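got a predicted structure here, sequence first:
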Amino acid sequence: MRVVLGVGGGIAAYKSAELVRALQQRGHRVQVVMTNAAQQFVQPLTFAALTAQKVITGLFSQESPQDTLGSAVEHIAIAQENDLLAVAPATADLLAKFAHGLADDFLSTLYLAFTGPVLVAPAMNTAMWEHPATIANLNLLRERGVSIVEPDAGWLACGTMGAGRLPDPEQIAEAIDSMTAARRDLEGESILITAGPTQEPIDPVRYISNRSSGKMGYALASEAVRRGARVTLISGPVDLPVPRGVDLVRIRTAREMYDAVLAALEPATIIIKSAAVADYYVADVPKQKIKKTATRFSLDLEPTPDILAAVGERKGDRLLIGFAAETENMIAEARRKMVSKKCDMVVANLVNRDGLGFESDQNEVEILTRAGQIVHAGPAGKKEIAARILDQVARLRLALQAVEA
Ligand code: PMT
């Protein structure tokens, strides 16, 4: 795996050299990025010698004036080329920058541009580690799916005893390894995911739609790719970047999504229907814009095809995961949908709470299986929720394979 190792400015920066070695011994290729402060503690040459590659030391670091443009976009290239970003030691300053989206140096800019898994190993003085600001920043990062290797307790460089010491590099390398191992549990699977809203035209300029942003489905797609699956993402109109490694099919209406899903069904081994499909559409859309009048106006709506139910009819031995967006009786409704649409699993969420569900970066879900299990996840970032859903999908797949064997 290709790991970018961000080195922050703390006395523990010298241990990052050992971490590079530990990662290399596990077969990872390591690219080092150092903050300005880190360079006060360790020379970039140390890491350049260990990795046999250029160490990135700043946003505009260049060997010749012609390299300036190359360096200015290097953070994007590094973000795209690498599989995991690890930051060790992560200082209080770096945690604050990551949590609040500041991008004033290479590492913080890279963090924002990086769409893969991120691990931070904080190290600092005990008072700084226990400060409410640091705790709040870490909680934010945790909610957004960042993995945290907590510091050890012991004698610190500042001469005090307490929590804040960077853990043993072997322990950090192991945590990185376990993230990689978890990542590959969907290898060999071909996953079809639907995301976002549909838009049902009323006339040439108006449509019926809903508040789905696509964030939940896109988080599932990018997490599934990271865990080794081949992913086809069938998406309604959303304003999100295409996750790396995903085959994207753009659709607009429920009918188009229905056609696209059935066309892509054959190679799929797992189908996850997180899209918020319109339940009704206007069958006779006028060619001209409907004129405003002073009288009452009503639309003649017909039900859209139920895509999940149609897949349920054709599922064979595929795993079918539906979603249930509810405002009341969530579990009962989710169970009803599981049976009527022949799902193996239903992810239920309440969609009438502020800051969760539709549009938000956060969600809280109950993951129901046919066997009657209910697993709770969240409230947490959609990336984290996606990981928890895929944990259950991978677990169910293994259980079914064990029964077949
Ligand atoms: O996109 P975000 O802003 O991130 O928000 C995420 C979400 C709230 C949209 C997501 O978590 C979610 O709940 N998605 C399902 C929304 C929905 O349409 O739920 P439903 O209970 O109405 O439908 C049940 C299931 O049937 C869903 O899997 C849906 O995709 C499917 N369906 C519905 C209607 C239809 N005509 N065809 C379908 O396949």
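Here it is on my side, so go on. Residues are numbered from 1 along each chain as shown.

contacts and neighbour counts: CA atoms only from here.
OK.

name the element Ala324 belongs to?
Assigned by DSSP states H and E, Ala324 belongs to strand 319-326.

quick check: residues of the stretch 101-250 of the chain near the ligand?
196, 212-216 (C-alpha under 6 Å from any ligand atom).

among the helices and strands of this protein, which has the poorest mean pLDDT?
Within the chain, no helix or strand scores below helix 68-72, which has a mean of 48 by mean pLDDT, DSSP states H and E.

now whichever helix or strand comes after that one, how far from the centre of its chain.
The helix or strand immediately downstream of helix 68-72 is helix 74-81, counting by DSSP H and E. Distance of helix 74-81 from the chain centroid (C-alpha atoms, centre = their mean, to the nearest Å) equals 18 Å.

list the buried residues for helix 74-81?
In terms of neighbour count (16 or more other C-alpha atoms under 10 Å), helix 74-81 has its buried residues at 74-76, 78-79.

find the nearest non-adjacent residue to Gly188, please.
Ala229 (6.1 Å; C-alpha to C-alpha, 6 or more residues apart in numbering).

so how far is the ligand from the one you found?
20 Å (C-alpha to the nearest ligand atom, to the nearest Å).

distance of that residue relative to Ile193?
11 Å (C-alpha to C-alpha, to the nearest Å).

do Ala123 as well
From Ala123 over to Ile193 (counting by C-alpha to C-alpha), the distance is 39 Å.

so which of these two has more stuff around it?
The neighbour comparison of Ala123 against Ile193 (other C-alpha atoms under 10 Å) goes to Ala123, with 29 against 25.

now do the contacts for the more buried one.
Ala123 is in contact with 10, 12, 88-92, 129, 151, 164-166, counting by C-alpha atoms under 8 Å, 6 or more residues apart in numbering.

looking at those, which are in strands?
Judged by DSSP state E, strands contain the following of the contacts of Ala123: 88-90, 164-165.

what's around Gln288, how many residues?
9.

now it: which helix or strand?
Here Gln288 is assigned to no helix or strand, by DSSP H and E.

so what's it up against?
So Gln288 contacts 203-204 (C-alpha under 8 Å, 6+ apart).

and it, its phi and psi?
phi -110, psi 160 (degrees, to the nearest 10).

against Thr198, how distant is the nearest residue to Ala219 once chain neighbours are set aside?
Spatially, and ignoring its direct neighbours in sequence, Ala219 is nearest to Lys383 (5.2 Å; C-alpha to C-alpha, 6+ apart). To Thr198, Lys383 is 22 Å away according to C-alpha to C-alpha.

where exactly do the helices run in the stretch 101-250 of the chain?
106-113, 126-130, 132-143, 169-183, 215-226 (DSSP state H, counting those that start in this stretch).

return the most buried member of those.
Mean neighbours per residue, mean count of other C-alpha atoms under 10 Å, is largest over these for helix 215-226, with a mean of 26.

so which elements touch that helix?
Secondary-structure packing of helix 215-226 (3 or more C-alpha pairs under 8 Å, 6 or more residues apart in numbering; DSSP states H and E): strand 190-195, strand 230-235, strand 246-250, helix 382-404.

closest one to Glu223 among those?
Smallest distance to Glu223 across the helices and strands packed on helix 215-226 (C-alpha to C-alpha): 6.4 Å, for helix 382-404.

helices and strands around that closest one, which ones?
So helix 382-404, by 3+ C-alpha pairs under 8 Å, 6+ apart, packs with helix 215-226, strand 362-369, strand 374-381.

want to throw those into CSV with mean pLDDT and distance to Gly58?
Converted to CSV, the helices and strands packed on helix 382-404 look like this (pLDDT from 0 to 100; distance: least, C-alpha to C-alpha, whole Å):
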stretch, mean pLDDT, distance to Gly58
helix 215-226, 95, 28
strand 362-369, 95, 33
strand 374-381, 88, 30
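
below-threshold pLDDT in the stretch 201-350 of the chain: ranges please.
Regions of the stretch 201-350 of the chain meeting the criterion pLDDT under 70 are absent.

who's in contact with Tyr111?
Neighbours of Tyr111 in contact, by C-alpha under 8 Å, 6+ apart: 85, 98.

hang on, the earlier thing: between the helices of the stretch 101-250 of the chain, which gets the lowest average pLDDT?
In terms of average pLDDT, helix 169-183 trails the rest of the helices of the stretch 101-250 of the chain, at a mean of 85.

list of residues touching it?
Contacts for helix 169-183 (C-alpha under 8 Å, 6+ apart): 1, 15-16, 18-19, 22-23, 86, 119, 121, 149, 226-228.
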